[in-house]
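Trainee: Quick check, what structure comes out for this input:
(chains A and B)
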Amino acid sequence: MIKGKVIFGSILFLVLFSTSCKPVEDDLLDRPYNLVLPAGFPTMSIPADNQLTEVRIELGKMLFFDKALSRDSSVSCGSCHLQSHAFSDVVNISSGIEGRKGMRNSPPLFNLGYHPYFFFDGGVPTLELQVLAPVQDVNEMDHEFPFAVQRLAQNPAYQKMAQIAYKRDFDAFVLTRAIGAFERTLVSGNSTYDKYNNGNSSALNESAKRGLALFTSERLSCSGCHSGFNFTDYSFQNNGLYLQYPDSGRMRVTTLPEDRDKFKVPSLRNIALTAPYMHDGSIATLPEVVEHYNNGGAANPNKDPRIKPLTLTSQEKSDLLEFLYSLTDNDFITNPDYAP
Amino acid sequence: MKALNFKHFAFILLAIFAAVSVTSCSKDHDHDGTGHVHVYFTNKYDGAAQTSTATYTGTNGRDFKITTNNYYISNVRLVDHDGAEVPFTGQYLLAKTGENNELELEGIAAGHYHHIRFDVGIDSVTNHSDPSTYASTSPLAPTTPSMHWSWNSGYIFYRIEGLVDTSAAKNGTVDGAWEMHLGTDSKLASVELDIDLEISEGSHPGLNITMNTEDLFTNIDLGGADIATHTMDNMPLANKLKANIAAAFTVE
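Mentor: This is a model prediction of the structure:
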């Protein structure tokens, strides 16, 4: 009888205890995040195992700005991807740990959920897989991935958020998914050009309108590759930067001679913010980029035939630049949601 | 005295419990008329266990060391007396020097098996999967040293590296780094070995397979022209390594 009372008491205690836990569990619930896309943008395809939630995005942002990701805790993703520059860097080649230099210019980060592959040579097919690269690259964070995961897993906040967001201990899956989730929210589509394109005909000045007409003209063929809402067709092209390249570009992953010296066409959104230019950051300013295309580039055997002398007048050059400046999205670079 | 007796009693009880549970464990394999095989892979060099500290002399006369000798075994199949393949899909082994590289093949029908076939590397579907989706205990999860290329997503099928004497005089100073990282779908290497394997209900024989590491260097001038490959950047050397893999395995 007494034994029975003890058991009943224990059960009652357990029931009460679990009931009292409920409100706490409610606090731990994650909420789906509704990614608001700019007018005219297509639906973004988001992987089934990494649907956006508030805690996933917040965790990803914390990891993006955490220097513990690098072997000597000296650099974070945010070290070479600055919001003020549309998440690109201001130098031709960014410094990894110990001031090490890789071989390519840090790309801006926005509208990444639309990219069919990543890096200038397209060697990585998903945003989640992309996370593995800078962490392990000897010239960037130089960190063995399991060691990076072990270190970050010591952080109680990360552990708690991993449980809430992904219902598992902090691990490589959580690290890659969370950063991928945050990066998918980096959406930029509210430039002056967008306002014009969405019906405000006075958003662009007359010079920018003339620049837009030049940009889309057959004569210049800029929009042959820089096409669509994101101003890129993601193809691999040679634009005659050099006759001989130290970096073989797309051929590095395909080994095909026809891919030699070809690089993924970058978006032109926020282009005024992302100097220096080209895959190696070798052109310092946007007027110099326009001059490069006007000259037609070096006679590289894989150069796209659309890269040829354009004989632009100085007025045409300044109109083209005026249009390119209109692609800057000031809301994007000041959005507090993206700041650490 | 009394306490001692109790300890003895407890120990005996524990021993009986352990014996019973072990017996019942191995019994589990016996009920369905099948047996299983423990396949072991051992990295050797000229017949002795390969170690990361030993200095070896290549056929080109250069001294060298092998500090890493890691590779994936997958797509294992046993071939029965009718020539039919019994596949063991979804089983991957990351073999390393000095480790107990064991692959347990279960549920094998009683009978005689004449060949074992396997691939060195990862099939083209799994090769392009995301390592971070696997449990950390899986051989396919991110590991160190890395067996995955992050810049050209795919697994490193074979990772072998070390130090070599690069001096013109071949004076025995082993201080230059060499490395061969083999990967990409076309570099999957198929291996077939003759075996004489009898499986009966409940049997669980071992099968010892040797990686004769010295055979990987056939036609490779380590320390000379063939100092490094990450496959894409030195395809000729990668192709030589791939060609050497199939002949480098033997059954003990």
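Trainee: only C-alpha atoms for contact and neighbour calcs from this point on.
Mentor: Will do.
Trainee: ok, B:T173 touching B:G223?
Mentor: No. In this structure, B:T173 sits apart from B:G223 without contact. The criterion is CA atoms under 8 Å, and the distance is 11.4 Å.
Trainee: So those two - more neighbours on which side?
Mentor: In this view B:T173 and B:G223 are compared by other CA atoms under 10 Å in any protein chain shown, and B:G223 has more residues nearby, 25 against 15.
Trainee: Contacts only, for that one.
Mentor: With contacts defined as CA atoms under 8 Å, 6 or more residues apart in numbering or on different chains, B:G223 is in contact with B:62, B:164-166, B:176, B:178.
Trainee: Contact residues of the stretch 51-200 of chain B facing chain A?
Mentor: Counting by CA under 8 Å from any CA of the partner chain, the residues of the stretch 51-200 of chain B lying close to chain A are B:130, B:132-134, B:136, B:142-146, B:150-153.
Trainee: will you turn these into JSON lines that also has neighbour count, secondary structure and pLDDT?
Mentor: JSON lines is the format used below for these (neighbours: other CA atoms under 10 Å in any protein chain shown; DSSP: H, G, I helix; E, B strand; the rest coil; pLDDT from 0 to 100):
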{"residue": "B:D130", "neighbour count": "23", "secondary structure": "coil", "pLDDT": "98"}
{"residue": "B:S132", "neighbour count": "22", "secondary structure": "helix", "pLDDT": "98"}
{"residue": "B:T133", "neighbour count": "18", "secondary structure": "helix", "pLDDT": "98"}
{"residue": "B:Y134", "neighbour count": "15", "secondary structure": "coil", "pLDDT": "97"}
{"residue": "B:S136", "neighbour count": "16", "secondary structure": "coil", "pLDDT": "93"}
{"residue": "B:P142", "neighbour count": "26", "secondary structure": "coil", "pLDDT": "98"}
{"residue": "B:T143", "neighbour count": "17", "secondary structure": "coil", "pLDDT": "97"}
{"residue": "B:T144", "neighbour count": "12", "secondary structure": "coil", "pLDDT": "96"}
{"residue": "B:P145", "neighbour count": "12", "secondary structure": "coil", "pLDDT": "96"}
{"residue": "B:S146", "neighbour count": "16", "secondary structure": "coil", "pLDDT": "97"}
{"residue": "B:S150", "neighbour count": "22", "secondary structure": "coil", "pLDDT": "95"}
{"residue": "B:W151", "neighbour count": "22", "secondary structure": "coil", "pLDDT": "93"}
{"residue": "B:N152", "neighbour count": "23", "secondary structure": "coil", "pLDDT": "94"}
{"residue": "B:S153", "neighbour count": "24", "secondary structure": "coil", "pLDDT": "96"}
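Trainee: could you pull out the helices for the stretch 101-250 of chain B?
Mentor: The residue ranges that make up the helices of the stretch 101-250 of chain B, judged by DSSP state H, counting those that start in this stretch, are B:124-127, B:235-248.
Trainee: Next: the stretch 151-300 of chain A.
Mentor: Taking DSSP H, counting those that start in this stretch as the criterion, the stretch 151-300 of chain A carries its helices at A:156-166, A:172-184, A:192-197, A:206-215, A:222-225, A:251-254, A:286-295.
Trainee: In the third one, which residues are buried?
Mentor: Looking back up the chat, that one is helix A:192-197. Within helix A:192-197, the residues that qualify as buried are A:192-196, counting by 16 or more other CA atoms under 10 Å in any protein chain shown.
Trainee: How is the chain divided into domains?
Mentor: Looking at chain A here, since you left the chain open. In the domain annotation for chain A, the residue ranges read A:48-187, A:192-333 (automatic domain parsing).
Trainee: my bad, chain B
Mentor: B:1-31, B:34-251.
Trainee: weakest of the helices of the stretch 151-300 of chain A by average pLDDT?
Mentor: Lowest mean pLDDT within the helices of the stretch 151-300 of chain A: helix A:251-254, at a mean of 94.
Trainee: So what touches that helix?
Mentor: Helix A:251-254 is touched from outside by A:121-123, A:257-262, B:152, B:232-233, with contacts defined as CA under 8 Å, 6+ apart.
Trainee: Among the residues you listed, name the buried ones.
Mentor: Buried residues within the contacts of helix A:251-254, counting neighbours by 16+ other CA under 10 Å: A:121-123, A:259-262, B:152, B:232.
Trainee: Closest to A:L152 out of those?
Mentor: The shortest separation between A:L152 and any of these is 25.0 Å, and it belongs to B:N152 (by CA to CA).
Trainee: still on that earlier bit, what residues do B:T173 and B:G223 have in common as contacts?
Mentor: Contact criterion CA under 8 Å, 6+ apart; residues shared by B:T173 and B:G223: B:164-166.
Trainee: now, which of those residues sits nearest chain A?
Mentor: B:V164 (22.0 Å; CA to the nearest CA).
Trainee: Surely the closest one touches B:V174?
Mentor: Yes. Applying CA under 8 Å as the test, B:V164 and B:V174 come out as touching, 4.6 Å apart.
Trainee: what is in contact with the two at once?
Mentor: Going by CA under 8 Å, 6+ apart, residues that sit against B:V164 and also against B:V174 are B:63-65.
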